[in-house]
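Chemist: Sequence and predicted model, in that order:
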Amino acid sequence: MNSGSRGSKKRTHSVLKSFTFAFSGIKSAVKRERNLQIHLFISIAVILLGLVFAISWIEWIIILFAIGGMLSLELMNTAVERVVDLATEEYHPLAKQAKDTAAGAVFIYAFLSVIIGTIIFLPKIIAYMS
């Protein structure tokens, strides 16, 4: 199957149709995935904090990469979970390993994002409180 197609026939899609598929996937994941909802809520809070503390443009770039990477990894984790669930309904050690590894990637990036947020915001919060 062609990686860009849906079904067994090779199809070509317009760029607009490709965007429609992407937004459909995001919408579906946001509706069904609690962890993605949590990441979105935290992302909005971080953006608001960035506005309140008037972070620099370089800090914005770092924050936006952290947010974009986190949301992207969470979507990829969801995709891995769906494919594994589609492949087998029974417990299989490789299925568990695939899901756990994808979750581990999300965890590592989330931990890194927390460190980034702490480095950027903690000095500003301390200065504000002083």
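Modeler: Now that the structure is in, tell me what you want to look at.
Chemist: List the buried residues for the longest helix along the chain?
Modeler: Longest helix in the chain by number of residues (criterion: DSSP state H): helix 93-129. By neighbour count on 16 or more other Cβ atoms under 10 Å, the buried set for helix 93-129 is 95, 98-99, 102-103, 106, 109-110, 113, 116-117, 120-121, 124. Yep, even glycine has a C-beta here, placed from its N, CA and C like the rest.
Chemist: Present those residues as JSON lines; the columns should include pLDDT and distance to residue 58.
Modeler: Listed next are the buried residues of helix 93-129 as JSON lines, based on pLDDT from 0 to 100; distance: Cβ to Cβ, whole Å:
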{"residue": "95", "pLDDT": "92", "distance to residue 58": "42"}
{"residue": "98", "pLDDT": "95", "distance to residue 58": "37"}
{"residue": "99", "pLDDT": "94", "distance to residue 58": "36"}
{"residue": "102", "pLDDT": "97", "distance to residue 58": "31"}
{"residue": "103", "pLDDT": "96", "distance to residue 58": "31"}
{"residue": "106", "pLDDT": "97", "distance to residue 58": "25"}
{"residue": "109", "pLDDT": "97", "distance to residue 58": "20"}
{"residue": "110", "pLDDT": "97", "distance to residue 58": "22"}
{"residue": "113", "pLDDT": "97", "distance to residue 58": "16"}
{"residue": "116", "pLDDT": "98", "distance to residue 58": "12"}
{"residue": "117", "pLDDT": "97", "distance to residue 58": "15"}
{"residue": "120", "pLDDT": "98", "distance to residue 58": "10"}
{"residue": "121", "pLDDT": "97", "distance to residue 58": "14"}
{"residue": "124", "pLDDT": "96", "distance to residue 58": "14"}
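Chemist: And the longest helix of the chain, what does it pack against?
Modeler: Contacts defined by 3 or more Cβ pairs under 8 Å, 6 or more residues apart in numbering; DSSP states H and E place helix 93-129 against helix 34-52, helix 57-87.
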